[in-house]
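Novice: sharing a sequence plus its predicted fold:
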Amino acid sequence: MTPTQIAETYFVSAQITADDVQKAKEEGFDVIICNRPDEEEPGQPNHDVIKAACDAVGIRFEFMPMQGPNFTPEYVEGVKALIASNKKTLGYCRTGNRSSILFNAAQ
């Protein structure tokens, strides 16, 4: 996991694994957002695996899957609330691009 910082408390990353969640905890992340639909490609961990790892270490997990650059108004509002909370947040998808698009929509 190599997160890219795009705002003071907001980072994006390519696909993470359950093992990466412990590293995220050590790096001070409070929230992880999955912007990737389950079963998008073979071998990708489903969101419930990442959620279980988050639950185990006390990181809040949000599932906001995006098909390409498409997102819902509810996702935008959810990200706006996270930005306002100043919680250190990591959004991930296949490459980090969709997570960046959703963050930009929330600005």
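Specialist: That came through fine. Numbers count the residues shown, from 1 in each chain.

Novice: ok, which stretches of this protein are strands?
Specialist: 4-7, 10-13, 31-34, 60-63, 89-92 (DSSP state E).

Novice: show me what the first one is packed up against.
Specialist: This points to strand 4-7. Applying 3 or more Cβ pairs under 8 Å, 6 or more residues apart in numbering; DSSP states H and E, we find strand 4-7 packed against strand 10-13, helix 97-105. Any C-beta I mention is one placed from the backbone N, CA and C, and that applies to glycine too.

Novice: which non-adjacent residue is nearest Glu77?
Specialist: With Cβ to Cβ, 6 or more residues apart in numbering as the criterion, Glu77 has its nearest non-adjacent residue at 8.0 Å, and that residue is Ala106.

Novice: residues in contact with Leu90?
Specialist: Neighbouring residues of Leu90 by Cβ atoms under 8 Å, 6 or more residues apart in numbering: Pro3, Phe11, Val12, Ser13, Ile16, Ala24, Phe29, Val31, Ile32, Ile33.
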